[in-house]
Structure formats: structure tokens, C-alpha cells
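Asks: Following is a predicted model, sequence given first.
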Amino acid sequence: MRQDAQGSSGSAGSSARASAGSSSGTGVPEARAAARRARVPGQAGGAAVRGEHTHGEPDLPRPRPVVQRSSVRGQILDALRTALVSGELRPGEVYSAPVLAERFGVSATPVREAMQQLALEGAVEVVPNRGFRVVERGARELAELAEVRALIEVPVMLRLARTVPAERWAELRPLAEATVRAASSGCRATYAESDRAFHRAVLSLSGNSQLVQIAEDLHRRAQWPLVGGGPGAPRGRAELVADAHEHTALLDALIAGDVDVVRVLVGEHFAGA
């Protein structure tokens, strides 16, 4: 009996040692791997170790894309800018966000955000508890904007006229021709957009994105109508077409590399602005 007990005890001890040996050998990596899986979300056993329920849990709704709201606000902003340039939003008049929202078929929030952006740009001013008033501008402000634009753009254009090869200027031909077509339509809003596109493309050749952004902001401000359509602001198709043809003449001089002609044309272009 003692021999059997010893044999049994020895067998048990041997089994225990074998189990311990397995844990210190190949069993340890497996145990560690299991522990790692338990700690990593999404792997088997992970939720159970964290004490989370894994059955019958509804899927969380995906967040609404931010681009959607931004897109609506951007569309409203473009529409309001067009209404400003065309004179549909009249200088001195007050417009409320709810009324404009009903007109565009959207909520008041994107309209209000767009109008606040226009307020930052100086196109409108906030009227507490009423809405936004379109800023009244005179000929003096228009002349000041033209002067500042000339101080920024003329030196850049003259430098580019000396450094940019003719083939790069030739690539801008479609944009110059687009301004002529837009002017021929007689739509000031359409022409304003194509006009900015041409100037933006020319200044972009400088590689200075800050300059392009500042110049475009000034250009946009210069396109807002004056009070009563004062002198200096293009009001008819003939004036728009004449302004557009200055773009094509300027581009011809840039392609030819004639800096003297470029200087004269640029000066006249901003004087007319």
C-alpha cells in the first residue's frame, strides 16, 4: 500500500512538474498572447475582459459628415456674394437670416454663418435683433481699393513678365477669353467671377499663396456695387467688354515679353478699376 501511495504520489508530482514545465516553456508565450488579445479592443475576449457587453448591443449612428454643412454654407455664401455683385442685395438695406433662409430653402443657420463671413469681409454689418445691413460704399473707397491693388499686383506682374516663360503665359489664354465671354453676357456677377479667376491665375505664378489670398480679397471688395452705381463702376456690357479685352491685350504683351507694354496696360487696367 505504501508503495502504491508513493507511486501515486510520484505520478501526481510528475504530472504537476510536467504541467509547470509546460507553463515555463511553450505555455508561457501562449498565455501572454492570450493576455494581449484580451487587452486589444476588437480581438476575441477583449470585451469580456473589460467587462463590456458584446451581445445585443445596437450599432452607434455614424456622425454626420462635416462637409455636408460646410457645403451648404459655402453654396449660400457664393449665392449671397453673387447677389451683392449684381446689386440684388441693395446697399443700405437690412436683410434677416430667416427671410433669406426661406428664399434659399435652407435653415437660418448656414445663412447666418455666411452673412457673418461677409461681415468679416466688410460687405455687410450686423444690426442687433434685425439682421445684416449691406454696407454703403462710395467712389472714394473704390479708388482706395484700386490704389492698394495696384501697389500689390503691379510690381508682381512686372517681375513675372521678366521671369515667366511665354508658354506658361499661353496656358492662361482660356481664362482671358472666358472673361470676354462673361463680359459679353452682360452679367456682372458672371464677369466678376471670371475676372478674379484670371487675376488669381496670373498672381499664382509668383508661388506666393498669401499674396494671392490678400489680392483676391481686395479684388472681391472692389467688385461690390457703389451706392446708386456711382462713377467708376462698370454698369453696362460695353464697359465690361472693354475691361475684359484689357486682359487679352495684357496676356499678349506677357507672351511677347514686352515689359514696357505690360507696365502701361497694367497701369491703365487698375486706373480703370
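Replies: Nice, I can see it.
Asks: shaky segments in this structure?
Replies: Scanning the chain for pLDDT under 70 picks out 1-70, 227-235, 272-273.
Asks: Quick check: can you list the domain ranges of it?
Replies: Dividing the chain into domains by automatic domain parsing, as the record does, gives the ranges 1-35, 66-134, 139-272.
Asks: Make CSV out of the ones you listed and add mean neighbour count.
Replies: Where C-beta positions appear, they are placed from N, C-alpha and C, glycine not excepted. Shown next, in CSV, are those (neighbours: other C-beta atoms under 10 Å):
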stretch, mean neighbour count
domain 1-35, 10
domain 66-134, 16
domain 139-272, 17
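Asks: all strands in the stretch 51-200 of the chain, in order from the N-terminus.
Replies: 94-95, 124-127, 131-134 (DSSP state E, counting those that start in this stretch).
Asks: export those to JSON lines and tack on distance to G207?
Replies: Output for these, formatted as JSON lines (distance: least, C-beta to C-beta, whole Å):
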{"stretch": "strand 94-95", "distance to G207": "40"}
{"stretch": "strand 124-127", "distance to G207": "33"}
{"stretch": "strand 131-134", "distance to G207": "36"}
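Asks: ok, now how distant is the most centrally placed residue in the chain from L218?
Replies: For the chain, the residue nearest the mean C-alpha position is G74 (8.6 Å; C-alpha atoms, centre = their mean). As judged by C-beta to C-beta, to the nearest Å, G74 and L218 stand 21 Å apart.
Asks: ok, back up a step: who are the contact partners of the residue nearest to the centre of the chain?
Replies: Counting by C-beta atoms under 8 Å, 6 or more residues apart in numbering, G74 makes contact with nothing.
Asks: go again using 10 Å as the cut-off
Replies: Going by C-beta atoms under 10 Å, 6 or more residues apart in numbering, G74 touches V67, P110, E113, A114, Q117.
Asks: Which of the residues you listed fall in helices?
Replies: V67, P110, E113, A114, Q117 (DSSP state H).
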